[in-house]
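Asks: Predicted model and sequence below, questions to follow.
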Amino acid sequence: MTTDRDPPPAASRSGRAAGRARFGWAFEVVETLVATLVIYFVIHNFVAQPFEVQMESMTPTIVGGEYVLIDKLTPRFDGYSYGDVIVFQPPERVGFEDEGIPFIKRIIGLPGDTVTLENGRVFLTGSDGLPIRIEERYVARGSDGTIAPTLCPQPTCAGEWLVPDGSYFVMGDNRVNSVDSRVLGPIAEDLILGRAWLRYFPLDRLGLINDSGSVRALEPPDE
């Protein structure tokens, strides 16, 4: 017989201790899962995001089936530059948005530039009004080893585009097989997911995605 002052039996105490231990373990699991999800959400939305390339428009720089990591953080501080390879959602007005597949292309023109196609070559006209031909060593080459010309892919292609503020003119490195700003028009910055900076699969192609090769030379367009 026990009284109000008697301690509970040892079996009862051990049972409650075991219950607290079980609940404590479950709480730790839930806490770990929540923390993991929060970290994943922050990294995925604000720092970096994996992306599988499903198109051939960036060949030979990036080929279909390769995986790249998208840098979402640094563009928030220093923006985008010539030669950056970016991943973006296609504009709604062009009919590709229902596929749910982001595009990956290279930035050719910045806000304020005028991009012109002339005899298979690309020219930029900046605020100084001087046309500048860009030499693009990254563009896919034909069977004869020469760089493929950059042509209008459609009869209605404008051939000249003024890049508005807050937008970028982009093209794929595989110019003969790329739906880009020649069709879509300049891409608004709020559609850009980030800058592709690292190829991490397959392992034999592991490495940074180099944006070099966008060399501009002073050369007026052909008359």
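Replies: In hand now; what should we look at? Residues are numbered from 1 along each chain as shown.
Asks: so where do the strands sit in the chain?
Replies: Assigned by DSSP state E, the chain shows strands spanning 48-52, 67-71, 85-88, 103-109, 114-118, 121-125, 131-136, 160-162, 167-171, 187-188, 192-201, 207-208, 214-217.
Asks: just so I know, which of those lies nearest Pro149?
Replies: strand 121-125 (7.3 Å; Cβ to Cβ). Every residue, glycine included, has its C-beta placed from N, CA and C.
Asks: who touches the closest one?
Replies: The contact list for strand 121-125, computed with Cβ atoms under 8 Å, 6 or more residues apart in numbering, reads 108-109, 113-117, 131-134, 136, 149-150, 171, 216, 221.
Asks: that older thread, mean pLDDT added to the strands of the chain, as TSV?
Replies: Shown next, in TSV, are these (pLDDT from 0 to 100):
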stretch	mean pLDDT
strand 48-52	81
strand 67-71	91
strand 85-88	95
strand 103-109	95
strand 114-118	94
strand 121-125	92
strand 131-136	87
strand 160-162	94
strand 167-171	96
strand 187-188	96
strand 192-201	92
strand 207-208	87
strand 214-217	50
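Asks: For Met58, which of the ones you listed is the nearest?
Replies: Nearest of these (Cβ to Cβ): strand 103-109, 5.6 Å.
Asks: Run through the neighbouring helices and strands of that closest one.
Replies: strand 85-88, strand 121-125, strand 167-171, helix 181-184 (3 or more Cβ pairs under 8 Å, 6 or more residues apart in numbering; DSSP states H and E).
Asks: Same list (the strands of the chain) but as a markdown table, adding mean neighbour count and distance to Thr61.
Replies: Converted to a markdown table, those look like this (neighbours: other Cβ atoms under 10 Å; distance: least, Cβ to Cβ, whole Å):
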| stretch | mean neighbour count | distance to Thr61 |
| --- | --- | --- |
| strand 48-52 | 15 | 14 |
| strand 67-71 | 21 | 10 |
| strand 85-88 | 22 | 7 |
| strand 103-109 | 25 | 8 |
| strand 114-118 | 19 | 20 |
| strand 121-125 | 20 | 16 |
| strand 131-136 | 18 | 11 |
| strand 160-162 | 16 | 22 |
| strand 167-171 | 25 | 12 |
| strand 187-188 | 20 | 18 |
| strand 192-201 | 19 | 9 |
| strand 207-208 | 10 | 11 |
| strand 214-217 | 14 | 12 |
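Asks: now the ones you listed in TSV, with distance to Ser181?
Replies: Formatted as TSV, the strands of the chain follow (distance: least, Cβ to Cβ, whole Å):
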stretch	distance to Ser181
strand 48-52	20
strand 67-71	19
strand 85-88	11
strand 103-109	8
strand 114-118	8
strand 121-125	11
strand 131-136	14
strand 160-162	7
strand 167-171	5
strand 187-188	6
strand 192-201	13
strand 207-208	24
strand 214-217	15
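Asks: Let me know which of those strands is the nearest to Gly145.
Replies: Of the strands of the chain, nearest to Gly145 by Cβ to Cβ is strand 131-136, at 15.1 Å.
Asks: then the closest one to PDB, C-alphas only?
Replies: The C-alpha coordinates for strand 131-136 follow below in PDB (Å, rounded to 0.1, in the frame of the first residue of the first chain):
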ATOM      1  CA  PRO A 131      28.500  48.300 -85.000                       C
ATOM      2  CA  ILE A 132      30.800  45.700 -83.500                       C
ATOM      3  CA  ARG A 133      31.200  42.300 -84.900                       C
ATOM      4  CA  ILE A 134      31.600  39.500 -82.300                       C
ATOM      5  CA  GLU A 135      33.900  36.600 -82.900                       C
ATOM      6  CA  GLU A 136      32.200  33.500 -81.400                       C
END
